[in-house]
Structure formats: structure tokens, C-alpha cells
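Trainee: Dropping the sequence and predicted coords here.
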There are 2 protein chains.
Amino acid sequence: MEKSAGDTSQGRRRLTRERVLAAAVGVADAGGIGALTIRSLAQELGAKPMSVYYHVANKDAILDGIVDVVFSEIELPSPGGDWRSELRRRAASARQVLRRHRWAIGLMESRTTPGPATLRHHDAVIATLRAAGFSLEMTAHAYALIDSYTYGFALQEAGLPFEGRDTVAPVADSIMERFAAGDYPHLVEMATGYYFKTSYDFADEFDFGLNLILNGLSNSLHAGNDS
Amino acid sequence: MEKSAGDTSQGRRRLTRERVLAAAVGVADAGGIGALTIRSLAQELGAKPMSVYYHVANKDAILDGIVDVVFSEIELPSPGGDWRSELRRRAASARQVLRRHRWAIGLMESRTTPGPATLRHHDAVIATLRAAGFSLEMTAHAYALIDSYTYGFALQEAGLPFEGRDTVAPVADSIMERFAAGDYPHLVEMATGYYFKTSYDFADEFDFGLNLILNGLSNSLHAGNDS
DNA sequence: GACGGTATCGTACTTTGTACGAAACTGCTA
DNA sequence: TAGCAGTTTCGTACAAAGTACGATACCGTC
């Protein structure tokens, strides 16, 4: 009749909202968002399904919660430093985090109640832009632009059937079969002539676009106009 | 004993994959993707649940299918015309379509098997870039950039708790309560000083970013280098 | 050692996807 | 016209998942 010993795999100590959310992130990371059920979550926590409901209102609250957890993992830009490198750093961090938690980007659409980490994140980005000298209007423009690009890139990455270098080729063949009819000639050209080269990694595209955007914003900033 | 008369609301004629998918889009548009169940879909079609399974393998196939339907609604750019206006047109169309079907953007993450309309769409964009004189490498860059921005913008729009002008103010108050503590000062500054003005419409941000991107790409094209 | 709040859990109901096979329908041939 | 072979629709039933409700176990305090 020992107390709090002999756990299966996970810790058996008291549940908390934080532990619940952390476990939920773990389950989603491991098996996709579809694998995240109250029952699987409870098992991960070494508890019974209904126990998690003491710490979380319902599954929607869990989804809101883990989105906020994901945001909390993104490095914040600091309004003091050079705005371009700060924003570059946070964009790179955001992309890495969203890569680590592929399911997150698909969740962001449906969650309209941002958590504290999410708000803090947005606040820091706006602060950085304002400190750099952007007007309110230009800050809105820049903010929408940068975030759209960052999350959009992550969205595309999440939809790719392969990941990184070397995993492209195996997938290529099965995909190419569907193109046998000769439709989509330009897609085929890009695929065979560029994408399917083993040296290609879609992730490398990120920097090109980000640089172009930051350069454009820098010009707008110094020119002082908005278009 | 009349034949094929006296329907309730929807047509009672034979089901087809197309009708099933169209009805699915309708249900999702009306009540969100969460409202799309086999049973609700069957009711919309004036049929019984199991009947749809003759035309569609399972629910996942329906999700794949309606994503492709959404893509089919986006205007294609034509490789002949001015590439900037062509891409602007298709970007605007894409945004409108994704606004009409808010649920679609959240679905794109999980669907890794693109349908014919999706492939045709991508093919047309690539064709336009190639026709404009972009190299394979630059086409890849431009493509990733433009699409990331377009879909990312739609993703952000979908997550907004309000829509368009005039609907901002009502939501503003309830949101502001959460900021009472004084955290997020820059977010508050943007909100009160800019976003919550009744003249503000987030949708207007789209053109600014798109112009900046197209200008940047145009420069890269004429300069002939990649960075 | 009794007690009141805190935390966990057992049971059971509802919703949803869908397997399985039967029934209804359709066009065609004898 | 009757029968037949697909083709299409549907009835029944079960498993997985969210969660309401109330009971039980735990835990620090007097």
C-alpha cells in the first residue's frame, strides 16, 4: 500500500491545468490532433478520463490552451534591438515551433479566444515595430504582412507530404503517377527540374520571402509613405 | 404516387459525388465545419446517412473533396497576360473564396492529397510565373512567397472575432475587458488607436502586402539575382 | 479522529462514423 | 410483359468519443 509509487510511465502526481495541457501537446505531437482524445489524454496522464475535467472546462478549452502553449514557445522579439534582426529571429522561431507542432496551424483558424501567451506574443511584435519608428498605420500593415507570411508558410509546410531533404524522392514517384496523363505540365517541370532534386528543401524558401518582405518594409519606413 | 415530386427542400434526384460535395460545402458554410456530419449532410441531401457512402469512401474523402471544390472556385491566372495583374487577380479571388468558406483554410493543413482542381490551380500559377520570365529557382521562391502570404492572410482573417467594418466596435468592449490589468499596452494602443476605429477593415491590409511582395519580386526579376 | 473543501473517478447517455447486408430501383433482354 | 443483373439507397447495429451527474477518495485543519 505504498503511496505514489509504482507509476506506469508518466508521473502520478496531482494533475494541474499545466500538466494537462502539456500532456495534450505531447499526444498531439506524437499522433496528430486526431489522436488527442480525452481518453488518450487521460491515459497519458496516468489518470481516468473524467479527472481531466476538473482542470479544464471541456475539449475546446484544451484546444485553446494548447494553441496558447505553442505561442508561448515562440521567442519574443525585443523592442530594443535592431527591428529587422529581432523580427527575423522571432519569425524563424515561430516557424520552428510550428514545425514541431504541425497540428497547431490548423487549429489557429477555429480558435478565436487567444490566451495570454498569444496576446503577449502579439504585443511584443507590435512593440518592436513601434519602437522601430513605424506609424500606427504602417505597423498594422507590417504586422499583417509578416504574420500572414509566417503562418502561411507554416501552413504550406504542414501540408507537404514530405519533410526536408532526402525524404522527397520516395514520395515523388507515387505522386508522379497521377501526372502521367500530361496535365499539369508546369507543375511537373518544377517538380522534376527543381523540387525533386535531393538538394532541395522547401524550408529554405522561408528566408527569401522574409528578406524580401523586411526589405520592402524598410523602404516604406524610410520613404515615409505607405504604398 | 407521383414520381420525383413533393420534395422537402432539396432536390430528390439521384445522388452523385458532385452533389454530395456541394451539399457538404453548403453545410460547412452554414454552420461551420463542425456542423458537417454524415447525418446532417444526408439530411441536406434529402437522403439517409448511409446513402452518401456509396458515392464517397468516407468522411476524410469528403474533406479532401470539399477542399478541392474550394480551389476550383478560385480564378486562375492566365499565363498570357501581365503577370502582376494576373497574380493580383487570382490572389484577390483566392481571398474572397476563402472568406466565403472560412472552414477551408483550417482544413488545408491536414489534407495532403490534393485534388485535380488544386493541382490545376498550382499549375496555372507556376505557368504564369514561368511565362513572366522567372527562372525555376525564382519561380519556387515567388510561388512559396505569394501563396504563403495569401493563405496566411486568409488564416488570420478566419481567426478574427469580427468581420469587416462596423462589426468591430461591439466586440471591442468585451475584448478590452481582458486587457484591464494593463498588460499588452501596445496591443491596446493599436486596438484603440487604429483597429477599433469604425473605418478600419482588416481586409484592406491585403493589398498593401501583396503590392509590396509583387514589387519586390519584380525587382528580383529585373535584377536577375535571387536575394 | 471528525470535518469541509479539493481532486479523482464510475456509470451512463448522446453524438458520430461506418461495417454489413438487405431492399429498392433501373434499364435491358427474352 | 416478366425476369434479371447491376446500381443505388437504406435499416440496423456497433465502436469511439465528449461529457453530465453524482459518488468516492484524499488532505490539511481543528
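Mentor: Perfect, thanks for sending it. Residues are numbered from 1 along each chain as shown, chains lettered A, B, ... in the order given.
Trainee: Show me what the helix or strand containing A:Ala30 is in contact with.
Mentor: Per DSSP states H and E, A:Ala30 falls inside helix A:17-31. Applying C-beta atoms under 8 Å, 6 or more residues apart in numbering or on different chains, the external contacts of helix A:17-31 come out as A:10, A:35-36, A:40-41, A:44-45, A:52, A:55-56, A:62, A:65-66, A:69-70, A:100-101, A:103. For every residue, glycine as well, the C-beta is placed using N, CA and C.
Trainee: buried residues in that helix?
Mentor: For helix A:17-31, the buried set under the neighbour-count rule, 16 or more other C-beta atoms under 10 Å in any protein chain shown, comprises A:19-29.
Trainee: can you check stretch A:41-48 too?
Mentor: Of the residues in stretch A:41-48, A:41-47 count as buried by neighbour count, 16+ other C-beta under 10 Å.
Trainee: which of those lies closest to DNA strand C?
Mentor: Of all the buried residues of stretch A:41-48, DNA strand C sits closest to A:Ala47, with 3.3 Å by C-beta to the nearest atom of the strand.
Trainee: got a list of what the closest one touches?
Mentor: Contacts of A:Ala47 were listed using C-beta under 8 Å, 6+ apart, and they are A:Leu15.
Trainee: Would you mind listing where chain A has pLDDT under the threshold?
Mentor: By pLDDT under 70, the weakly predicted segments of chain A are A:1-12, A:169-178, A:180-181, A:224-227.
Trainee: Tell me the residues on it that lie near DNA strand D, please.
Mentor: Proximity of chain A to DNA strand D (C-beta under 7 Å from any atom of the strand) is limited to residues A:3, A:36-40, A:49-50, A:53, A:58-60.
Trainee: who in chain A is up against DNA strand C?
Mentor: Chain A has residues A:14-15, A:47-51, A:53-55 near DNA strand C, with proximity defined as C-beta under 7 Å from any atom of the strand.
Trainee: Looking at these, which two lie furthest apart in space?
Mentor: Of all pairs drawn from the residues of chain A next to DNA strand C, the one with the largest separation by C-beta to C-beta is A:Arg14 and A:Pro49; the distance is 16.9 Å.
Trainee: right, and A:Leu214 touches A:Arg84 too?
Mentor: Yes - between A:Leu214 and A:Arg84 a contact is recorded at 5.1 Å, counting by C-beta atoms under 8 Å.
Trainee: where does A:Gly163 land in three-state SS?
Mentor: Gly isn't right for residue A:163; it's Glu. Taking DSSP: H, G, I helix; E, B strand; the rest coil as the rule, one finds A:Glu163 in the coil state.
Trainee: hang on, the earlier thing: with the buried residues of stretch A:41-48 in mind, which one is nearest to chain B?
Mentor: For chain B, the nearest member of these is A:Leu41. The distance, counting by C-beta to the nearest C-beta, is 19.4 Å.
Trainee: just checking, that closest one touches A:Ser51?
Mentor: No - using C-beta under 8 Å, A:Leu41 is not in contact with A:Ser51, being 10.0 Å away.
Trainee: Right, and chain B sits closest to which residue of chain A?
Mentor: Checked against chain B (C-beta to the nearest C-beta), the nearest residue in chain A is A:Gly152, 2.3 Å away.
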